[in-house]
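K.L.:
just need the structure, nothing else, for what follows:
(3 chains)
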Amino acid sequence: MSATLEFVRASRWYGQVIALNDVTTTIGPGVTGLLGPNGAGKSTFLKLAAGQLAPSQGEVRMLGQPAWGSPELFHRVGVCPEADAFWEQLTGLQFLLGLLRLTGYDEAECRQRAENALHEVALLDAKDRKIGGYSKGMRQRVKLAQALAHEPEVLLLDEPVSGMDPVNRRRVVDLVRRLGRAGRTVVVSSHILHEVEAMTRRVLLIHNGRILAEGDVREIRDLMDEHPHTVALRARDTRALARAVVGLPHVISLTFGAEGEWLTVQTAKPDELYGNLAAAAEEAGVSEMYSPDENLESVFRYLVAG
Amino acid sequence: MPIYEQTYRRHEARGPLRRVRFWPITREALRLILARRWFLALLVAAWLPFVVEVIRIYVVTRFPEANRILPVDGRLFGELLGWQAFFTMFITIFGGAGLVANDLRTGAILVYLSRPLTRRDYVVGKLGVPLLLNLSATLAPGLLLYAVALALAPDLFWKWDLAWIAPAVVVQSLTVSMVMSLVALAVSSLSRSVRVAGLGFFGLLIGLEVARGILYALYRRPETALLSLQADLRSLGVTLFGLADRSVNVPWAYAAAMLAAVSIGCLLVLRSRVRAVEIVQ
Amino acid sequence: MAELGVEEARSLGEMVETPLVEFKDLVVSYGPVQALAGVSGAFLPGPTGLLGPNGAGKTTLLKTLLGFLDPDRGTITAFGRDPAKEPLEVRRRIGYMPEVDCHLPGMTAAAFVAFAGELSGLPRDEAISRAHEVLYYVGLGEARYRTVETYSTGMKQRVKLAQALVHDPDLLLLDEPTNGLDPAGRDEMLALIRDISERRQMSLILCSHLLRDVEQVCENVIVFNQGRVAASGRIADLTGPRRAVYDVRVKGDATAFLTDLKDHGCEWREGEDGYRVSMSDGFGPELIFRTARESGVQVRFLRPGAETLEDVFLRALGHEAER
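P.N.:
Numbering: from 1, shown residues only, chains lettered A, B, ... in the order given. Below is the predicted model:
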């Protein structure tokens, strides 16, 4: 895997706050997910990669050149930032045209590329409406179109599907996968596990400004299954449910909840528990089941704890 | 239930509504601004020219010969206010540029306008802030200097033909303060960022002044003074206090008209920008 | 469509209260866009829901009620007055909890709400005491001396509610009050709103795109869609037969699982993380567990789903609104 993006002991701090701490990694073609809780350093990582920030220490290289201070890289890299800031009075098409002109294409090519990009994100029929009148999902898509329009080799997407409805999310996910298969280097950041899972298998876990792990995203799910979990169930007959699981060796504790409707099970082997519950859930009339531990912060916490 | 331990009283005593609706707006904004120490320092620093002029008057009373080198008469006040105009620019930037911009950015404008307040109340309330701050740096030192002058050098100042000083100070202070405040408020309503508004205001004033300077250097005509706000204000000062500054020697009626036009323009901008709804055309 | 006008109500011999707000053939535009294309209706005392997808015109109606927008045509009256002509009188009796964030930076919650009270015309002392009272009421008693910037989303929502209540309005306008709240926060907010409505007897208009929120507080509802009134009346009368809906996530290959569900007459579509399954009549969640077991997948997450307005008001709303 040839390296498109290289971080060599890169750090970035703002006064006393260290956003990225001694990060060394390489990223090549295909889709790579950058997964971490809010405030972990994902946006800083992407800004360093895009050349929008200079590393306080260490090196960041993009396509063989330093990311910071290499203006010729700008049209080989597309950036979709998290922030939402537009010139509201422009239409979608005008916005894209304006940015494309800066890249140096002639008028006809600008138009062609703008329309292609808008087509990719399914905004073609809204292209002549002002951005100020766009819904939230549409604004996200325009940001994405802006990153794609000049067909860059490298795409850096910061939380591209946050807050999107399922239909548009599917569109963007398909788009990202297509771009990855075509050989471009796409780095997608998110704090939501299933978003990243849908787009790629390769992930970088980032936590407190450091790279925690690199590997296959499905291993995270497996790792989660190795760690103690709490599972909350609402059922018609919680006692029956409790009877079904109390004898299992991996069950650590059982707690009955408000008015006997809820049962909380703490288990050392969640995967086994879910398997064991399958039959009992049907009989006991389970109508709600969730695990408060299945969020990224908890996962990271026990990944860090080891 | 833990949330509702304090019962919510229906507000039986519907007392009369306040008659002066805008005052809380001014008061709270002033409180926020005056909480910053460096701003207070700026306000204090604005009194330096006052101190200098007091010393000057004192020197002249003790050594009357000095009156020939540093003449002390009505023009003194014009000079003082000229200095103060410099300070008002900074006071306005830091005390006024962000007033509306901040509200537009945080959405607080909805909090104001969804109350029984008119937009006029809002604008008047906000205007009061830079206005009062500026008056504290122009009118107050000006009138106080006059009082000091009367006390220290009655033979020089207690004359009928110098009785115009006090009204002149009032007019000039009010004009400078009002125009600066209106322009700052209008610029503030055009942006959502305090910084952009502040820089915009600063840029506007300096830019016009620079443009005027260039035009004057090229054409040597005092009419070019009309272009710059500060020059218009200075020109009024020149007329009121009899100062000698040929570069801004336009008939005061023109300068006044220009300032009036600018003020009306600002009010129109405010009327269109201070809204509880975003109109996307 | 069960449109219950004031005249019909009178003829039913019910004890009729005068509507607090009435609007007739109201047309309001935002620049070139017509946000309300001729709507008529009334809000009676008590809680009423104002439902509709985003962009349907709900917020526009609220803003016209507050006098921010002038109608192009038609009339609207609040407490018998025209908000365009007497905005101050109208706003004095309305409390508005906006959808968007609105706070004054640098102020503590107590100072902010007291300030809001003063802006509504209360004398300073009264405004201060009311502010504390109201902040306790909404559950921010402990945190009222902290600045609003340090608040979580749930707390910010409560501050917005507090500033709407401080001057004891006759009518409360709540625009998406559960926006951005987690399930626990949402339940608390709705419980608070219910308390205001039932025990404090304050009329309110609850504006939302979530039926399940409105259901917990209001019996009557007006539904907007694309600038028109799509339906109005009692929720129970307006909705068709309701299907149980569940959000499910499974571990394993879901193809067989979903096909099996379909065979049993259920419908499914992709959700945020997993699937949204609409159960066929007579079947409950036990079917989901059974089907999962039989097709070799593990159920990892199950929650009763939030029905969308389209699910519920299919006939009245017609086609899906543009997102």
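
K.L.:
up against chain A, what does chain C have?
P.N.:
Taking Cβ under 8 Å from any Cβ of the partner chain as the criterion, the neighbours of chain A within chain C are C:33, C:54-55, C:251, C:269-273, C:284-286, C:289-290, C:292-293, C:298-304, C:323. C-beta here means a position set from N, CA and C on the backbone, and glycine is covered the same way.

K.L.:
let me see the contact set for the nearest residue to B:Met89 once chain neighbours are set aside.
P.N.:
Leaving aside its chain neighbours, B:Met89 sits nearest to B:Leu205 (6.2 Å; criterion: Cβ to Cβ, 6 or more residues apart in numbering or on different chains). Under the criterion of Cβ atoms under 8 Å, 6 or more residues apart in numbering or on different chains, the contact partners of B:Leu205 comprise B:89, B:183, B:228-230.

K.L.:
one more time with 7 Å
P.N.:
Remark: with contacts taken as Cβ atoms under 7 Å, 6 or more residues apart in numbering or on different chains, B:Leu205 is in contact with B:89, B:229-230.

K.L.:
out of those residues, the closest to chain C would be?
P.N.:
The shortest distance between chain C and any of the contacts of B:Leu205, using Cβ to the nearest Cβ, involves B:Met89 and amounts to 24.2 Å.

K.L.:
returning to what we had before: which one of the contacts of B:Leu205 sits closest to chain A?
P.N.:
Taking Cβ to the nearest Cβ as the measure, chain A sits nearest to B:Leu229 out of these, at 27.7 Å.

K.L.:
measure that closest one to A:Pro29 for me?
P.N.:
Plainly put, B:Leu229 is 58 Å away from A:Pro29 if you go by Cβ to Cβ, to the nearest Å.

K.L.:
so which of those two has more stuff around it?
P.N.:
Of the pair B:Leu229 and A:Pro29, B:Leu229 is the one with more neighbours under other Cβ atoms under 10 Å in any protein chain shown, namely 21 against 18.

K.L.:
can you check the pLDDT for the more buried one?
P.N.:
For B:Leu229, the model assigns a pLDDT of 79.

K.L.:
doesn't B:Glu209 make contact with it?
P.N.:
No - between B:Leu229 and B:Glu209 no contact is recorded; they are 8.0 Å apart, counting by Cβ atoms under 7 Å.

K.L.:
which residues of the stretch 201-306 of chain A lie near chain C?
P.N.:
Proximity of the stretch 201-306 of chain A to chain C, by Cβ under 7 Å from any Cβ of the partner chain, involves residues A:274-275, A:278-279, A:281-282, A:285-290.

K.L.:
following element in sequence after the strand or helix carrying C:Leu62, please.
P.N.:
With secondary structure defined by DSSP states H and E, C:Leu62 is part of helix C:58-65. Downstream of helix C:58-65, the next assigned helix or strand under DSSP H and E is strand C:73-78.

K.L.:
quick check: the residue of the stretch 51-200 of chain B nearest chain A.
P.N.:
For the stretch 51-200 of chain B, Cβ to the nearest Cβ, closest residue to chain A: B:Arg192, 10.3 Å.

K.L.:
quick one, what contacts that residue?
P.N.:
Contact analysis of B:Arg192 by Cβ under 7 Å, 6+ apart lists B:101, B:104-105.

K.L.:
A:Glu272 now?
P.N.:
A:Glu272 makes contact with A:His250, according to Cβ under 7 Å, 6+ apart.

K.L.:
so how do I select the buried members of the residues of chain C next to chain A in ChimeraX?
P.N.:
Of the residues of chain C next to chain A, the buried ones can be selected in ChimeraX as follows, counting by 16 or more other Cβ atoms under 10 Å in any protein chain shown:
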select /C:33,55,251,273,285,286,289,290,292,293,298,299,300,301,302,303
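
K.L.:
could I get the full set of strands for chain A?
P.N.:
Listed in chain order, the strands of chain A (DSSP state E) span A:5-14, A:17-27, A:30-35, A:57-62, A:65-66, A:77-80, A:154-158, A:185-190, A:202-207, A:210-216, A:229-235, A:251-256, A:262-267, A:286-290.

K.L.:
mind checking how far whatever helix or strand C:Ala230 lives in is from the chain centre?
P.N.:
The secondary structure element spanning C:Ala230 is strand C:228-234 (assigned by DSSP H and E). In terms of Cα atoms, centre = their mean, to the nearest Å, the centre of strand C:228-234 is found 15 Å from the chain centre.

K.L.:
who does it pair up with?
P.N.:
In its sheet, strand C:228-234 lies beside strand C:220-225 (antiparallel), with partners assigned from DSSP bridges.

K.L.:
just the CA atoms from the strand it pairs with would do, formatted as PDB, please.
P.N.:
Once non-C-alpha atoms are left out, strand C:220-225 reads as follows in PDB (Å, rounded to 0.1, in the frame of the first residue of the first chain):
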ATOM      1  CA  ASN C 220     -56.200  18.500  19.600                       C
ATOM      2  CA  VAL C 221     -53.900  19.100  16.800                       C
ATOM      3  CA  ILE C 222     -53.700  21.100  13.600                       C
ATOM      4  CA  VAL C 223     -51.500  19.600  10.900                       C
ATOM      5  CA  PHE C 224     -49.700  21.700   8.300                       C
ATOM      6  CA  ASN C 225     -48.200  20.500   5.100                       C
END
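
K.L.:
on that earlier part again, among the residues of chain C next to chain A, which lie within strands?
P.N.:
The subset of the residues of chain C next to chain A that ends up in strands is C:33, C:251, C:269-271, C:298-304, with DSSP E as the criterion.

K.L.:
and these, which two are the farthest apart?
P.N.:
By the measure Cβ to Cβ, C:Val33 and C:Gln298 form the most distant pair in these, at 48.8 Å.

K.L.:
helices and strands around the longest helix seen in chain C, which ones?
P.N.:
With DSSP state H applied, the helix covering the greatest number of residues in chain C is identified as helix C:183-198. With contacts defined as 3 or more Cβ pairs under 7 Å, 6 or more residues apart in numbering or on different chains; DSSP states H and E, the secondary structure elements packing on helix C:183-198 are strand C:203-208.

K.L.:
direction included, what does the strand it packs on pair up with?
P.N.:
Strand partners for strand C:203-208, identified by DSSP bridges, are recorded as strand C:47-51 (parallel), strand C:171-175 (parallel).

K.L.:
how far away is the residue of the stretch 1-150 of chain A at minimum distance from chain B from C:His264?
P.N.:
Of the residues in the stretch 1-150 of chain A, the one nearest chain B is A:Gly132, at a distance of 3.8 Å by Cβ to the nearest Cβ. To C:His264, A:Gly132 is 47 Å away according to Cβ to Cβ.

K.L.:
neighbour count: the two, which is higher?
P.N.:
It is A:Gly132, of A:Gly132 and C:His264, that has more neighbours when counted by other Cβ under 10 Å, with 17 against 14.

K.L.:
what residues does the stretch 151-300 of chain C have near chain B?
P.N.:
Taking Cβ under 7 Å from any Cβ as the contact definition, the stretch 151-300 of chain C meets chain B at C:163, C:167-168, C:188, C:192, C:195, C:200.

K.L.:
out of those, which one has the lowest pLDDT?
P.N.:
C:Arg200 (78).

K.L.:
tally of neighbours for that residue?
P.N.:
Applying other Cβ under 10 Å, we find 16 other residues in the vicinity of C:Arg200.
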